[in-house]
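*Asks:* Okay, predicted coordinates and the sequence, questions at the end:
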2 protein chains.
Amino acid sequence: MNLKELSKHLGISQTTVSRALNGYPEVSEATRARVIAAANEHGYSPNTRAQGLATGLSRCIGHVISVGDSGEMVNPIFGDFMAGAGETYAAHGYDMMVTRVGQRDEADIYRRLKARGAVDGLVMHAPRFDDSRLPVLTELGLPFVVHGRSSGANTTYSYLDVNNRSAFHEVTQHLTSLGHRRIALLNGQEQLDFAIRRRQGYEQAMEEAGLQVDPTVMTQGEMTEDYGYQNAMTMLDLPEPPTAFLVSSIICAAGVRRALDDRNLRPGEDVSIATFDDCLSYFRNSAAQPVFTAMQSSVRAAGATLAQMLIDRINDPTAPHTQTLWEAEFVAGASTGPNKD
Amino acid sequence: MNLKELSKHLGISQTTVSRALNGYPEVSEATRARVIAAANEHGYSPNTRAQGLATGLSRCIGHVISVGDSGEMVNPIFGDFMAGAGETYAAHGYDMMVTRVGQRDEADIYRRLKARGAVDGLVMHAPRFDDSRLPVLTELGLPFVVHGRSSGANTTYSYLDVNNRSAFHEVTQHLTSLGHRRIALLNGQEQLDFAIRRRQGYEQAMEEAGLQVDPTVMTQGEMTEDYGYQNAMTMLDLPEPPTAFLVSSIICAAGVRRALDDRNLRPGEDVSIATFDDCLSYFRNSAAQPVFTAMQSSVRAAGATLAQMLIDRINDPTAPHTQTLWEAEFVAGASTGPNKD
DNA sequence: ACAGCTTGCCAAAGCGCTTTGGAATGGGCG
DNA sequence: CGCCCATTCCAAAGCGCTTTGGCAAGCTGT
């Protein structure tokens, strides 16, 4: 059933049917009611592509996720982020398009999405230091928002980020205040902006506590469970093993926990673990008694908020940029305790 | 830059430019080369919506994920599945559209996607027992493939499923052969088809070993880490605690492991854990020495294969249905050992 | 030299919608 | 009664592409 058929069926012009459905005032309420009833009855929904062609809008938002062709990690926060964003999109009648891309040609994908008119705007994920995608996007003139920030970029843009620096500063302080002096940092890949800031927060708090940072207990990498395990195992074998681990992801923290178990060390007693926690729905840490001491910030909420920011931006592309910084929330869990060395 | 402008720029008709770019033979190779060069130079990509309108195809695949509006779980396999599917789509020039929906109106979303002409086909996730979406989709006439199966459905359809029954049968046998007689089953939600089949495999193997299944050590629910932990803790407190746990997801198995640690029980020594493993990229279990004894099947590979199946189906909707069953692979890990009771 | 191909190109229609620029109807008012 | 303004509707253009049906030029073979 298309517009023509529906209008013929109703004995009304296509114009009027279109207007009735789109809420234009030039249609009497009686006619509108008739039209809407008929549309429902026949299950009519305007053809997306035709509508898009006519309006020049796609009512679709792009998300570009970069995953290597080989076995590289898919960011575990992806699902929860999408769930949050999808909620907002659905409420505003937007569709969500996901494009997978191997690192290299990400800017090119943006260009093509724009040229094809496939999306009205897009969300940029996982910004790196001085990210080259930023100037590309700005120049393209396609509305976009960033999940995170890019240090060193000299363009302004809209973003929502967690204050990673203060989060890691705060949680490091918590560890030092418990008497820990040798604190390992298992960080994400440090070409990613969030990891850089987390490291800075950690380093600053260490310095403030009069402690030296030691590269031998600092690593970066893809935050898998195994990454946490392997690095923790290695560090526990050091002549001077860390008494506390600060970890960038709860998945990774689970790996560290496993390493402690293997060594018969009790988390929170013999060795402490603190972590960043994205509040993943399948790995909750917020029960009555949190497992991990953590800095928490819901990635699902971030998705929902960023989606709204983007829609606002699409509706008014000339509005000043929105730059939001969320403070992560400290929760004390069972995984940290006083240093006993 | 659009077709009209590009053709004007080249001094060639739109027809010829279009044909040159789409690989039709009615164009001399010299002209084609010129056209392609110019298109690249000007960054021309045909407008998706116009192209779709003209061809009647959207070159877009729909994925509908159901997540409750409240805090319900996002399936942790989602990201890896998408990564696999996205790879295939990208290779065939398809876009991927994701729609979030609260359980209720999922069939309605399908109808609307079809009416709007938004997608050329779709992937159905998480089939339930006698799933009501199946007849809806079949009646709609929109090509689709199913990730999993639906017992009790009397329509035929294309699917790719893991042989969950045999997988759980095999792994249960492994546990009984190690002397375990009291084996807990931490299953997924049993309105989901895969969970039903897993249970059947478990029950059959138990029976074959001459063992009674005991509902007090069998649970179902959303497979979060905490679900694994809580249920394991409860069961370990039973007068007759299980000596082995069979778990439906590796995330969940991590929770069980944590429970053992809390009770000072060593996995694989005091209590065994076996699990299903979707080979999630951020939770690998396939290092030199697997942590968990598991039945493995890559969900990423499933995504890639299902995407290909769907594309084939779109290209030839009258072809007979493809029904593929993958056998999960048994891997012996450190988490199982002989029963010592 | 001419019919009959093939080759390489084009003009125009059409996909299903929105939107512009009227046109018809009817009611209020001088 | 006639004029004007709302109200309510419509015909047709246009969005950017693909595709149908055709035309002109260059071959081939007799």
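*Replies:* Yes, it's here. Residues are numbered from 1 along each chain as shown, chains lettered A, B, ... in the order given.
*Asks:* what about the residue nearest to A:Thr16 when sequence neighbours are not counted, how many neighbours?
*Replies:* Counting by CB to CB, 6 or more residues apart in numbering or on different chains, A:Val27 is the residue found nearest to A:Thr16 once chain neighbours are left out, at 6.0 Å. (Each C-beta comes from the backbone N, C-alpha and C, glycine too.) Using other CB atoms under 10 Å in any protein chain shown, A:Val27 has 20 other residues around it.
*Asks:* Do I have it right that A:Val27 meets A:Ala20?
*Replies:* Yes - counting by CB atoms under 8 Å, A:Val27 touches A:Ala20, with 4.6 Å between them.
*Asks:* okay, and the common contacts of those two?
*Replies:* A:Val35 (CB atoms under 8 Å, 6 or more residues apart in numbering or on different chains).
*Asks:* Ramachandran angles for A:Glu207?
*Replies:* When quoted as degrees, to the nearest 10, the phi and psi of A:Glu207 stand at phi -60, psi -50.
*Asks:* And for the one 3 residues further on?
*Replies:* In terms of degrees, to the nearest 10, the main-chain angles of A:Gly210 are phi 70, psi 30.
*Asks:* Tell me the spacing between it and DNA strand D.
*Replies:* Distance from A:Gly210 to DNA strand D, counting by CB to the nearest atom of the strand, to the nearest Å: 64 Å.
*Asks:* Next one: that residue from A:Met218, what distance?
*Replies:* 18 Å (CB to CB, to the nearest Å).
*Asks:* So the two - more neighbours on which side?
*Replies:* Higher neighbour count among A:Gly210 and A:Met218: A:Met218, with 20 against 8, using other CB under 10 Å.
*Asks:* I'd assumed A:Arg182 was in contact with that one.
*Replies:* No - in this structure A:Met218 lies outside contact range of A:Arg182 using CB under 8 Å: 11.3 Å.
*Asks:* Now do the contacts for A:Asp278.
*Replies:* Here A:Asp278 is in contact with A:Ile77, A:Asp80, A:Ser249, A:Ile250, A:Gln296, A:Ser297, A:Ser298, A:Val299 (CB under 8 Å, 6+ apart).
*Asks:* Tell me the predicted confidence for it.
*Replies:* We have a pLDDT of 98 for A:Asp278.
*Asks:* likewise A:Glu29?
*Replies:* 89.
*Asks:* got it, and A:Gly71?
*Replies:* 67.
*Asks:* And A:Leu134, by the same measure?
*Replies:* 94.
*Asks:* Let me know the helix or strand that it is in.
*Replies:* helix A:133-140 (DSSP states H and E).
*Asks:* ok, the nearest residue to A:Arg112 once chain neighbours are set aside - contacts?
*Replies:* In space, and not counting its chain neighbours, A:Arg112 is closest to B:Ser45: 5.3 Å by CB to CB, 6+ apart. B:Ser45 makes contact with A:Arg112, A:Ala115, A:Arg116, B:Ala39, according to CB under 8 Å, 6+ apart.
*Asks:* Break down the stretch 201-341 of chain A into its helices, ranges please.
*Replies:* A:225-236, A:250-262, A:299-315 (DSSP state H, counting those that start in this stretch).
*Asks:* Ok, which of those comes nearest DNA strand C?
*Replies:* helix A:299-315 (14.0 Å; CB to the nearest atom of the strand).
*Asks:* need the residues of chain A near DNA strand D, please.
*Replies:* Selection of chain A residues close to DNA strand D by CB under 7 Å from any atom of the strand yields A:11-16, A:26-28, A:31, A:50, A:53-54, A:56.
*Asks:* check those against DNA strand C, which are close?
*Replies:* Within the residues of chain A next to DNA strand D, those near DNA strand C by CB under 7 Å from any atom of the strand are A:Gln14, A:Thr15, A:Glu26, A:Ala50, A:Leu53, A:Ala54.
*Asks:* and the two most separated of those residues?
*Replies:* Farthest pair in those (CB to CB) is A:Glu26 and A:Leu53. Separation: 22.6 Å.
*Asks:* the more surrounded of the two?
*Replies:* A:Leu53 (20 against 8).
*Asks:* pretty sure the more buried one contacts B:Leu53?
*Replies:* Yes - using CB under 8 Å, A:Leu53 is in contact with B:Leu53, at 5.5 Å.
*Asks:* Can you tell me how far A:Pro46 is from DNA strand D?
*Replies:* 12 Å.
*Asks:* contacting residues for that residue?
*Replies:* Counted by CB under 8 Å, 6+ apart, A:Pro46 has contacts A:Leu3, A:Ser18, A:Leu21, B:Arg116.
*Asks:* Same list (these) but as JSON lines, adding distance to B:Ile196, neighbour count and pLDDT.
*Replies:* Formatted as JSON lines, those follow (distance: CB to CB, whole Å; neighbours: other CB atoms under 10 Å in any protein chain shown; pLDDT from 0 to 100):
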{"residue": "A:Leu3", "distance to B:Ile196": "44", "neighbour count": "19", "pLDDT": "92"}
{"residue": "A:Ser18", "distance to B:Ile196": "47", "neighbour count": "18", "pLDDT": "93"}
{"residue": "A:Leu21", "distance to B:Ile196": "43", "neighbour count": "18", "pLDDT": "93"}
{"residue": "B:Arg116", "distance to B:Ile196": "34", "neighbour count": "18", "pLDDT": "95"}
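*Asks:* Just flag the most distant two among those residues.
*Replies:* For these, the maximum inter-member distance is 14.7 Å, found between A:Ser18 and B:Arg116 (CB to CB).
*Asks:* Residue ranges in the stretch 1-150 of chain A under the pLDDT threshold?
*Replies:* A:68-71, A:103 (pLDDT under 70).
*Asks:* returning to what we had before: among the contacts of A:Pro46, which one lies nearest to DNA strand D?
*Replies:* A:Ser18 (7.9 Å).
*Asks:* Check the spacing between the residue in the stretch 101-250 of chain A positioned nearest to chain B and B:Met1 real quick.
*Replies:* When distances are taken as CB to the nearest CB, the stretch 101-250 of chain A reaches nearest to chain B at A:Ala115, 4.0 Å away. As judged by CB to CB, A:Ala115 and B:Met1 stand 7 Å apart.
*Asks:* Give the residue from those two that has the larger number of neighbours.
*Replies:* A:Ala115 (20 against 14).
*Asks:* Give me the three-state assignment for the closest residue to that one other than its chain neighbours.
*Replies:* In space, and not counting its chain neighbours, A:Ala115 is closest to B:Ser45: 4.0 Å by CB to CB, 6+ apart. Each residue gets one of three states, and B:Ser45 gets coil by DSSP: H, G, I helix; E, B strand; the rest coil.
*Asks:* can you count the residues close to the residue in the stretch 101-250 of chain A positioned nearest to DNA strand D?
*Replies:* Residue nearest to DNA strand D within the stretch 101-250 of chain A: A:Gly117 (7.1 Å; CB to the nearest atom of the strand). By the criterion of other CB under 10 Å, A:Gly117 has 21 neighbours.
*Asks:* what about it, distance to B:Ser7?
*Replies:* Distance of A:Gly117 to B:Ser7, computed by CB to CB: 18 Å.
*Asks:* before we move on, what about A:Thr318?
*Replies:* A:Thr318 is 33 Å from B:Ser7, by CB to CB.
*Asks:* ok, A:Asp80 touching A:Ala302?
*Replies:* No - A:Asp80 is beyond contact range of A:Ala302, at 9.0 Å (criterion: CB under 8 Å).
*Asks:* who's more crowded, the two?
*Replies:* More crowded of A:Asp80 and A:Ala302, by other CB under 10 Å: A:Asp80, with 27 against 24.
*Asks:* OK, contacts around that one?
*Replies:* Going by CB under 8 Å, 6+ apart, A:Asp80 touches A:Asp278, A:Cys279, A:Leu280, A:Ser281, A:Ser298, A:Val299, A:Arg300, A:Gly303, B:Val74.
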